[in-house]
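J.: let's see this in three dimensions:
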Amino acid sequence: MNSDSNLVNYQGSCHCHVITFEIKAPEILEVDECNCSICKKTGFLHLILPKSHFRLLTGNEYLTDYQFNTHTAHHTFCGICGIKPFYIPRSNPDGIDVNVRCLDPIPKNIIVTPFDGINWEKNAASLKTKSKE
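T.: Presented below is the predicted three-dimensional model:
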């Protein structure tokens, strides 16, 4: 990850704005678009960060946790509007995975890389270092 001096502050939220957060990330965001079933259905664009670069501002009491398969990832949704703005990913349980589509406004400097999540076990190793500072 970049030093803090190279990072930009971004604001984000769920649809109803009950859950709000801020992150520190590079100006040019390199994100992954996964083809697994949950990511395709939610339209999630993955930006995995160290937890120290994420701060929940409001709405903790409205977060709902959903787990499936290995029950390792904690998919957090707004209990009011149903949007999934961030979660703790299975690949980086020490980090946070932010849905870039939930940043306000959505940044223009995004590089999207396809990720084959259908074959997750075979490809997960490529994600392991994304939450490191």
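J.: look up phi and psi at Cys39.
T.: Cys39 adopts backbone torsions of phi -70, psi -40, taken as degrees, to the nearest 10.
J.: start the count at 48, not 1, going forward
T.: Happy to do that; since the first residue is 48 now, the last one works out to Cys86.
J.: quick check: it touching Ile165?
T.: No. At 9.9 Å, Cys86 does not count as touching Ile165 under the criterion of CB atoms under 8 Å. Every residue, glycine included, has its C-beta placed from N, CA and C.
J.: higher neighbour count, these two?
T.: Remark: of Cys86 and Ile165, Cys86 carries more neighbours, 19 against 13, as counted by other CB atoms under 10 Å.
J.: to what extent is Ile161 buried, counted in neighbours?
T.: One correction, residue 161 is Pro, not Ile. Using other CB under 10 Å: Pro161 sits among 9 other residues.
J.: hang on, it in a helix?
T.: No. Counting by DSSP: H, G, I helix; E, B strand; the rest coil, Pro161 is not part of a helix but strand.
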